[in-house]
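Undergrad: With the sequence up front, the predicted model follows.
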There are 2 protein chains.
Amino acid sequence: MNKINPLLAAFQQTGFPVGGHGKRNIQVLIEALQEVDGNLESDIYGTGKLIEDFQAEMAAYLGKESAVFFPSGTMAQQIALRIWCDKKGVKKVAYHPLSHLEIHEEDGLKELHHIEPILLGEKDRLIRLEDVLQMKEEIACLLLELPQREIGGQLPDYAELAEISAFCRSHGIKLHLDGARLYEVLPYYQKSAREICDLFDSVYISFYKGIGGIAGAILAGDETFTKESKVWKRRHGGDLISLYPYIISASYYFKQRLHKMEQYYEEAKELAAMYNQVPGVETKPLVPETNMFHVHIDRPKEKLESLLIKLYETTGVGLTHYVKEVHESSCCYEVSIGDRYANVPKDELRKAFEWMDRNLRES
Amino acid sequence: MNKINPLLAAFQQTGFPVGGHGKRNIQVLIEALQEVDGNLESDIYGTGKLIEDFQAEMAAYLGKESAVFFPSGTMAQQIALRIWCDKKGVKKVAYHPLSHLEIHEEDGLKELHHIEPILLGEKDRLIRLEDVLQMKEEIACLLLELPQREIGGQLPDYAELAEISAFCRSHGIKLHLDGARLYEVLPYYQKSAREICDLFDSVYISFYKGIGGIAGAILAGDETFTKESKVWKRRHGGDLISLYPYIISASYYFKQRLHKMEQYYEEAKELAAMYNQVPGVETKPLVPETNMFHVHIDRPKEKLESLLIKLYETTGVGLTHYVKEVHESSCCYEVSIGDRYANVPKDELRKAFEWMDRNLRES
């Protein structure tokens, strides 16, 4: 854990890291606190002006009746699904095979809530309307993740989304939005958060992805739903006496970055185009639909790592701090565009890709 | 929620509030961050120097092999009990009828973990050795809370504690310590935290009671136990990408206040003695065993509230911000001694109790 890998070490030395907003260090919190009055009272177990005001602001932004601040999305989403299952008396939900709940939560949904997930669609593509129409199992809730992170942040068309929503409504299936990256999808759809959330019964959003806060999440829906979610929040051990470090930073970076999502999206398309000009390199999706995409490179892991380290040392541009093996002869990594991209001089970036092109051919 | 009650309002106007460390405002966090280098890297999902160092420090302090930082004690304790139940294959535990798990957690232990609690002893007294010896049910774990908060912070003798521990060890029952206020019991026992924790298989401690941090908890035990607790922490949604706001403040106030526990304890005894001189007023316990105690006053709630408001306005001393009805004609409230007590001039305090004595007689 304390041994740093050479690619990460080389990345940290670069003058021009390309992805994200910046380092995840304590300065992120210090900055968020700079204009806060020290006399401001803490939230107390989910009550008080500080948390209630932010919840009201987020409910309005999402166009929902009510919103609750949670320490994590893992907690918020399990609880949303539990509430919908209890309401219908059916302990089954459906989501994508690469949903966060399926691959990153140690089976909390199954172990704590005894809810059985139906994996809808295929790992390498989005859930489609046909998948929903053809579902044979009775479920209480369908969870859709916008964008689908594990396949590079792909998005269904709005029309298809609306059809899925209409089907669920007419068939007594609740529709829940995993909107960890909801802000990031708005430029693609050219719609407001409210317009997207209108299609869903419950919505979760996160504050440390595109927004760049420290941690924390909002779960929104109607009053009955959020009231019940607070009981489960306490049961999970998430009703902390004070959540304000996360709320203050969420609120601060929300204001700082919400209006930049269009910019990040355009920059992601620009950067992906540079990648796709290099033979043996392809982004997924080819044209990004949000501020994120995956990069696939046809080289074995070790070879690619040495090549990237040399690229960083030669050009000063840092493309990624890790690579993941896909097959023996190919790798991938995720890119999310944030504040940093605008600080990378276009010339340096172009030189880095020229270097990559030349050296990949030779390797 | 936004309407402040008159007693709280009057309390907040007093120049000499008697209990606690100070206001729960944002300054608590700002102060803790003052000497922290902004370049210090965040913990990431339970890893990194910041969290690992603190966990190691707490493990050493508690004399346990390993320790894990949790956002809350609610989460940490449910998980401890779940692990011990799974290990034994018995889904029963025992604890006091007024345990935090029974009265403050919306039945999380039952609803999430399907563990059945046996309520041991009586509401108005401590769990005794006989209660444990006479237990008929087979349980996986016995939870003891030191001190027993809801009865004024009472403590069993160390010898009795050691006998309970020996019995559990010889009967295959795990012993878990709810040590939310562990530091506060050390002056009474005249023992180190390690010496107390030696009697227990697993230990939870908190950082926002006596220590006065923002939130957060440590769960400690052997390596196998804490490793498993991390899996459950993720399932509960407690494995946040960053817990540093709580860790930094826990560490800061731990250093600031750990050595003051003896002082708080002596002050609690001094203050309780003043209460007990007033007819119709009694503290529970009569002589405090930690820095906390409960005050019982033989007056109806409304009457007592008006009297206290007048006391605050006349003397400037704030004794409590709330009172709880026990019967129609009697009330109680909790007092915890922290940094504030030392700032109350003894003369003013004496005058306040003289005023109380005089006016209670007349009321």
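TA: Now that the structure is in, tell me what you want to look at. Numbering: from 1, shown residues only, chains lettered A, B, ... in the order given.
Undergrad: Nearest to chain B: which residue in the stretch 101-250 of chain A?
TA: Here the stretch 101-250 of chain A gets closest to chain B at one residue, A:G237, 2.7 Å apart by C-beta to the nearest C-beta. Glycine gets a C-beta too; all of them are placed from N, C-alpha and C.
Undergrad: which residues does the nearest residue in space to that residue that is not next to it in sequence contact?
TA: The shortest distance from A:G237 to any residue other than its chain neighbours is 2.7 Å, reached at B:M75 (C-beta to C-beta, 6 or more residues apart in numbering or on different chains). By C-beta atoms under 8 Å, 6 or more residues apart in numbering or on different chains, B:M75 lies in contact with A:236-238, B:217, B:233, B:236, B:238.
Undergrad: Which secondary structure state does B:M75 sit in?
TA: helix (DSSP: H, G, I helix; E, B strand; the rest coil).
Undergrad: And it, how close does it get to A:K233?
TA: Taking C-beta to C-beta, to the nearest Å as the measure, B:M75 and A:K233 are separated by 11 Å.
Undergrad: Which stretches in the stretch 1-150 of chain A count as helices?
TA: Counting by DSSP state H, counting those that start in this stretch, residue ranges of the helices within the stretch 1-150 of chain A are A:6-13, A:27-33, A:49-62, A:73-88, A:100-103, A:108-113, A:129-133.
Undergrad: For A:G213, give me phi and psi.
TA: Dihedral pair for A:G213: phi -80, psi -160, per degrees, to the nearest 10.
Undergrad: which residue packs closest to it, ignoring adjacent ones?
TA: Looking at A:G213 with C-beta to C-beta, 6+ apart, the closest residue is A:F207, at 3.7 Å.
Undergrad: Could you do A:L142 as well?
TA: That would be A:A94: by C-beta to C-beta, 6+ apart, it lies 4.9 Å from A:L142.
Undergrad: Show me what the one you found is bridged to.
TA: A:A94 has these beta-bridge partners by DSSP bridges: A:I118, A:L142.
Undergrad: got a pLDDT number for it?
TA: A:A94 is assigned 98 on the pLDDT scale.
Undergrad: ok, how many other residues are close to it?
TA: 23 (other C-beta atoms under 10 Å in any protein chain shown).
Undergrad: What about A:E138, how many residues nearby?
TA: A:E138 is surrounded by 12 other residues when neighbours are defined as other C-beta under 10 Å.
Undergrad: For the stretch 251-363 of chain A, which segments count as helices?
TA: Along the stretch 251-363 of chain A, counting by DSSP H, counting those that start in this stretch, helices occupy A:261-276, A:301-315, A:346-362.
Undergrad: The last one: how far from the chain's middle?
TA: The chain centre lies 29 Å from the centre of helix A:346-362; the measure is C-alpha atoms, centre = their mean, to the nearest Å.
Undergrad: just the second one next, same as before
TA: On the basis of C-alpha atoms, centre = their mean, helix A:301-315 is displaced by 27 Å from the centre of the chain it belongs to.
Undergrad: Remind me what that helix packs against, helices and strands.
TA: In terms of contacts (3 or more C-beta pairs under 8 Å, 6 or more residues apart in numbering or on different chains; DSSP states H and E), helix A:301-315 is packed against helix A:6-13, helix A:346-362.
Undergrad: Ramachandran coordinates for the residue lying closest to A:L240 once chain neighbours are set aside?
TA: Excluding the flanking residues, the one nearest A:L240 by C-beta to C-beta, 6+ apart is B:A215, at 4.5 Å. Main-chain dihedrals, B:A215, degrees, to the nearest 10: phi -170, psi 180.
Undergrad: how about the residues of the stretch 101-250 of chain A near chain B?
TA: By C-beta under 8 Å from any C-beta of the partner chain, the residues of the stretch 101-250 of chain A that approach chain B are A:105-108, A:111-113, A:208, A:214-215, A:231-232, A:234-246, A:248.
Undergrad: switch to 7 Å and redo it
TA: Residues of the stretch 101-250 of chain A lying close to chain B by C-beta under 7 Å from any C-beta of the partner chain are A:105-108, A:111-112, A:208, A:214-215, A:231, A:234-238, A:240-242, A:244-245.
Undergrad: I'd like the helices of the stretch 251-363 of chain A laid out as JSON lines, including mean pLDDT.
TA: Listed next are the helices of the stretch 251-363 of chain A as JSON lines, based on pLDDT from 0 to 100:
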{"stretch": "helix A:261-276", "mean pLDDT": "98"}
{"stretch": "helix A:301-315", "mean pLDDT": "97"}
{"stretch": "helix A:346-362", "mean pLDDT": "96"}
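Undergrad: Report the secondary structure state of A:L175.
TA: strand.
Undergrad: per-residue confidence at it?
TA: The score at A:L175 is 98. That number is its pLDDT.
Undergrad: Kindly report the same for A:E35.
TA: You'll see A:E35 listed with a pLDDT of 89.
Undergrad: try the one 4 residues further on
TA: Taken from the predicted model, the pLDDT recorded for A:N39 is 97.
Undergrad: Same question for the one 4 residues further on.
TA: According to the prediction, A:D43 has pLDDT 98.
Undergrad: re earlier: which one of the helices of the stretch 1-150 of chain A lies nearest to B:L199?
TA: For the helices of the stretch 1-150 of chain A, distance to B:L199 was read as C-beta to C-beta. The smallest value, 30.3 Å, belongs to helix A:108-113.
Undergrad: and that closest one, what does it pack onto?
TA: Helix A:108-113 makes packing contacts with helix A:73-88, helix B:223-236 when contacts are defined by 3 or more C-beta pairs under 7 Å, 6 or more residues apart in numbering or on different chains; DSSP states H and E.
Undergrad: Quick check: mean pLDDT of the longest one?
TA: Rounded to a whole number, the mean pLDDT of helix A:73-88 is 98.
Undergrad: residue ranges with poor pLDDT in chain A?
TA: Counting by pLDDT under 70, the ranges of chain A that qualify are A:1-3.
Undergrad: tell me the contacts of A:L175?
TA: Taking C-beta atoms under 7 Å, 6 or more residues apart in numbering or on different chains as the criterion, A:L175 is in contact with A:142, A:144, A:165, A:168, A:199-201.
Undergrad: Out of those, name the ones that lie in helices.
TA: Using DSSP state H to define helices, the subset of these located there is A:165, A:168.
Undergrad: Could I have the buried ones of the contacts of A:L175 as ChimeraX selection syntax?
TA: Filtering those down to the buried ones (16 or more other C-beta atoms under 10 Å in any protein chain shown) takes a single ChimeraX command:
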select /A:142,144,165,168,199,200,201
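Undergrad: Any idea how many residues pack against A:T224?
TA: Other residues within reach of A:T224 by the criterion other C-beta under 10 Å amount to 12.
Undergrad: who's in contact with it?
TA: A:T224 makes contact with no residue, according to C-beta under 7 Å, 6+ apart.
Undergrad: Stretch A:48-56: which residues count as buried?
TA: Of the residues in stretch A:48-56, those buried by neighbour count under the rule 16+ other C-beta under 10 Å are A:48, A:50-51, A:54-55.
Undergrad: Near A:C331, how many other residues are there?
TA: Other residues near A:C331 come to 23 when the count uses other C-beta under 10 Å.
Undergrad: go on, A:G22?
TA: A:G22 is surrounded by 14 other residues when neighbours are defined as other C-beta under 10 Å.
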